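Enquirer: test case, fold it:
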Amino acid sequence: MSRRHRIRTISFLAALVAFSFVDASAQNPPSQSLPSETPSSFKPVTDSFDYARREEMIPMRDGVKLHTVILVPRGARNAPILFTRTPYDANVLTGHAQSAHLGPILSGYDNATDVIVEGGYIRVVQDVRGKYGSEGDYVMNRPLHGRLNPTAVDHSTDTYDTIDWLVKHTPESNGRVGILGISYDGFLPLMALVHPHPALKVAVPMNPMVDGWKGDDWFHNGAFRQQNMPYIHDQQASRASEIKWWTNYFDDYDVYMNAGSAGELGRHHGLDQVGFWRKILEHPAYDAFWQEQAMDQALAAQPLNVPVMLVHSLWDQEDIYGAIAVYKALESKDVNNDKVFLVLGPWHHGQEIDDGSTLGALNFHSDTALYFRQEILAPFLARYLKEGAAKGDVPPVAAFETGTNVWRKLTAWPSGCASGCGIRRSPLYLGACLKAEFLAPRASGAAFEEYVSDPAKPVPFRARPIQAIGYDPPLTWAQWLVDDQREASGRPDVLAFTSEVLTAPIKISGEPVANLIASTSGTDSDWVVKLIDVYPDEVAGDSPMGGYQLMVAADIFRGRYRDSLETPKAITADEPLSYKFALPSANHVFLRGHRMMVQVQSSWFPLYDRNPQTFVANIFWAKPSDYKKATQRIYHSPDRASFIDLPVVK
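Expert: Have a look, this model is predicted:
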């Protein structure tokens, strides 16, 4: 190409580029911002709503402000307040639907919706300090003011200050407040009973967390409930709980098995950054840290000024210890039998505000939860919160009797039936040839039954694959305590002592007590005892229940605490020793044609961490080499009789 031609070509290209630039500029003028179509402040139009919603930041005595949602029924006057405090987000608990009606927005945890709406109550839900919209610092189950909490504030003072503000700033109220809630939200009404505000007229703790070591969320008799580690992680990793536990496995059995110890699993998930987890690691025994937080003991030292209704689920898979423990602590203070009430229902944790017709495979042939809300809870609340309300026919104890599936009205628990019946402690012996019988063992045959417990193959607490803890379908965590126990009864590392077919019904009310004479070839051991109702081989009209093995009461005990809950001690290998511990309360009839069974095993995994069966200072940090097989023996000779002490109603 010639030089002239190149110049001509370059000139043409330059002109073309310039034209393109001009053309593009013409089509795309310099950027200018368009006005936003979103208003700087939007005011919802709620004139048609049947409630008014207010959100307040209520100041506490130390200046911290707590986010509080107040829902007032349209046209309310002289209405009482139903109050719940929660670490689970007040906005979520009062926003279950986008609706102009109060019922749908409350329909879910933690609201007894029909009672609230039909009763015309002002509904108040508050975030506890340090969670979601509230200011301050979050502490798991913040202790009362004292050695564990030297500050001037606790859940008791926060409740007092909030109630004081509510009755002064809610003109639609009659100045009367009731507090209620489930689980953690049930623990908080117990705190409200310590130096209560004068306007607090009634408390309803449902399935409350009371003693985290003896039998509620964190431990059971020293065995750590390791499947709650994701809860601890999610609850404390951030204020709004948006940082979630992760897993690489579908089966939780694999999650915990492959981690080794609970301590190592926690380290792998960064739990060492979380304050409460560090406290758990530091306090595996029942020392002052746990003792001073036990709410049954705290309330036993307080005067009883506010009527309280304790609501207990007979198959509470999370907090099966608390409500009964508080009842025991308070009942002696109730000299007129009119301030302490107890309800026992055939439910899982929190099912009393849901449908109570069934639980797992069990069918109660009526909505037991609806009965509770309409016939017990609603009149009970009205009695104390509404002026001129009738006293109602609410008994001191309302106990659902499983097996026969009827409600019983009692004057006290467990022996307050109107007909004058009483409780007779009756030992059900674990006998030779795996027999369970009421006759004491005789001197014949082998002196014990034995099995090998292998930490490398722990007994699953339910059929695998084991789901994570959770309530949203398809998760079935809520029903595991009524799972069929046949799979466990067929394992070689589970002893299943079985009675003959019953020729007459046997009713128990109260706590069965395990009395084992047992030995281990190791230097530490767990003992799991399960009292089971075995259905007939065939059940007419309900064939899947044929041979069903229903747990009526079951629990675990960590052997190192045999002599002292505070000071762990190695077990002498191969020496028969006594282990005595209470199982959860039952109110059950073993029907004619059924059989009674007692299962004994040494692991319940992965709900509880594995015992290495070698004594170590702290099981949270047991090494792989510490986990060893052990030969376990349950004795049944006349001088070494193992039995379950049953509270038989006569």
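Enquirer: what's the end-to-end length of stretch 593-613?
Expert: Taking Cα to Cα, to the nearest Å, stretch 593-613 runs 39 Å from one end to the other.
Enquirer: again, but for stretch 568-580
Expert: 16 Å.
Enquirer: mind listing what's buried in it?
Expert: Within stretch 568-580, the residues scored as buried using 16 or more other Cβ atoms under 10 Å are Pro568, Ile571, Pro576, Leu577, Tyr579. Yep, even glycine has a C-beta here, placed from its N, CA and C like the rest.
Enquirer: so what does Ile644 have for phi and psi?
Expert: Backbone torsions for Ile644, taken as degrees, to the nearest 10, come to phi -110, psi 120.
Enquirer: separation between the residue lying closest to it once chain neighbours are set aside and Lys628?
Expert: Of all residues beyond its chain neighbours, the one nearest Ile644 is Leu428 (4.7 Å), with distances taken as Cβ to Cβ, 6 or more residues apart in numbering. Leu428 is 32 Å from Lys628, where distance means Cβ to Cβ, to the nearest Å.
Enquirer: rewinding a little: ok so the residue nearest to Ile644 is a helix residue?
Expert: No - using DSSP: H, G, I helix; E, B strand; the rest coil, the assignment for Leu428 is strand, not a helix.
Enquirer: what pLDDT is listed against it?
Expert: For Leu428, the pLDDT comes out at 98.
Enquirer: same question for Ala14.
Expert: The model reports Ala14 with a pLDDT of 45.
Enquirer: could you do the one 10 residues further on as well?
Expert: Per-residue pLDDT puts Ala24 at 48.
Enquirer: change the start of the numbering to 4 and stick with it
Expert: Noted, 4 is the first residue going forward, which turns the last one into Ala27.
Enquirer: what about Phe367, how many neighbours?
Expert: By the criterion of other Cβ atoms under 10 Å, Phe367 has 19 neighbours.
Enquirer: okay, now the closest residue to it other than its chain neighbours: neighbour count?
Expert: Spatial nearest neighbour of Phe367, chain neighbours left out: Asn408 (5.0 Å); criterion: Cβ to Cβ, 6+ apart. If you count neighbours by other Cβ under 10 Å, Asn408 ends up with 15.
Enquirer: how much space separates Asn408 from Gly359?
Expert: According to Cβ to Cβ, Asn408 stands 11 Å off from Gly359.
Enquirer: what touches both of these two?
Expert: Each of Pro349, Phe367 lies in contact with both Asn408 and Gly359 under the rule Cβ atoms under 8 Å, 6 or more residues apart in numbering.
Enquirer: check contacts around Asn590.
Expert: Applying Cβ under 8 Å, 6+ apart to Asn590 gives the contacts Leu317, Leu347, Ala402, Phe403, Glu404, Thr405, Arg411, Pro417, Ile511, Ser512.
Enquirer: need those residues in a markdown table (columns: secondary structure).
Expert: Listed next are the contacts of Asn590 as a markdown table, based on three-state DSSP:
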| residue | secondary structure |
| --- | --- |
| Leu317 | coil |
| Leu347 | strand |
| Ala402 | strand |
| Phe403 | strand |
| Glu404 | strand |
| Thr405 | strand |
| Arg411 | strand |
| Pro417 | coil |
| Ile511 | strand |
| Ser512 | strand |
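Enquirer: got a quick PyMOL command for the buried subset of those?
Expert: Remark: buried members of those, expressed as a PyMOL selection using 16+ other Cβ under 10 Å:
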select buried, resi 317+347+402+403+404+405+411+417+511+512
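Enquirer: which pLDDT does the model give the nearest residue to Pro579 once chain neighbours are set aside?
Expert: Counting by Cβ to Cβ, 6+ apart, Pro579 lies nearest to Ser522, which is 4.8 Å off, once chain neighbours are set aside. Note for Ser522: predicted pLDDT of 98.
Enquirer: so Ser522 sits in a helix?
Expert: No - assessed with three-state DSSP, Ser522 is strand; it does not lie in a helix.
Enquirer: so it makes contact with Ser581?
Expert: No - Ser522 is not in contact with Ser581 according to Cβ atoms under 8 Å; the separation is 10.8 Å.
Enquirer: could you list every residue that touches the residue lying closest to Phe608 once chain neighbours are set aside?
Expert: Closest residue to Phe608 apart from its sequence neighbours, by Cβ to Cβ, 6+ apart: Pro461 at 3.6 Å. Contact analysis of Pro461 by Cβ under 8 Å, 6+ apart lists Met260, Ser606, Trp607, Phe608, Pro609, Arg613.
Enquirer: kindly export stretch 235-254 (C-alpha atoms) in CSV.
Expert: The C-alpha trace of stretch 235-254 is given here as CSV (Å, rounded to 0.1, in the frame of the first residue of the first chain):
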residue,chain,number,x,y,z
ILE,A,235,-25.4,-22.6,70.7
HIS,A,236,-23.5,-21.7,67.6
ASP,A,237,-26.5,-20.0,65.8
GLN,A,238,-27.7,-18.3,69.0
GLN,A,239,-24.5,-16.7,70.0
ALA,A,240,-22.4,-16.2,66.9
SER,A,241,-24.3,-13.0,66.1
ARG,A,242,-27.0,-10.7,67.4
ALA,A,243,-29.5,-11.6,64.7
SER,A,244,-28.5,-15.4,64.5
GLU,A,245,-27.9,-15.1,60.8
ILE,A,246,-24.6,-17.0,61.0
LYS,A,247,-25.5,-20.7,60.6
TRP,A,248,-23.9,-24.0,61.6
TRP,A,249,-22.7,-25.9,58.6
THR,A,250,-22.4,-29.6,57.9
ASN,A,251,-20.9,-31.9,55.3
TYR,A,252,-23.2,-34.9,56.1
PHE,A,253,-26.8,-35.8,55.7
ASP,A,254,-26.7,-38.1,58.7
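Enquirer: give me the residues contacting it.
Expert: Applying Cβ under 8 Å, 6+ apart, the set of residues contacting stretch 235-254 is 90, 92, 133-135, 141, 143, 232-233, 258, 261, 272, 274, 276-280, 283, 467-469, 471.
Enquirer: pLDDT wise, what is the residue nearest to Phe367 at?
Expert: Asn408 is given a pLDDT of 98.
Enquirer: ok, now the one 5 residues further on?
Expert: Among the per-residue scores, Leu413 shows a pLDDT of 95.
Enquirer: how about the contacts made by it?
Expert: Contact analysis of Leu413 by Cβ under 8 Å, 6+ apart lists Pro398, Pro399, Val400, Ala401, Ala402, Gly419, Cys420, Ala421.
Enquirer: same deal with Ile559?
Expert: Residues counted as contacts of Ile559 (Cβ under 8 Å, 6+ apart) are His223, Asn224, Ala226, Asp529, Trp530, Val531, Trp607, Tyr611.
Enquirer: correct me, but the third one touches Asn614?
Expert: Right, Ala226. Yes - taking Cβ under 8 Å as the definition, Ala226 is a contact partner of Asn614 at 7.5 Å.
Enquirer: now do the shared contacts for those two.
Expert: Residues touching both Ala226 and Asn614 (Cβ under 8 Å, 6+ apart): Asp529, Arg561.
Enquirer: measure the residue nearest to Ile647 to Pro476 for me?
Expert: Computed as Cβ to Cβ, the Leu431 to Pro476 distance reads 38 Å.
Enquirer: who has more neighbours, the two?
Expert: Set side by side, Leu431 and Pro476 give different neighbour counts by other Cβ under 10 Å, the larger being at Leu431 (22 against 6).
Enquirer: quick revisit: and the residue nearest to Phe367, how far from Thr371?
Expert: Here Asn408 is placed at a distance of 8 Å from Thr371 (Cβ to Cβ).
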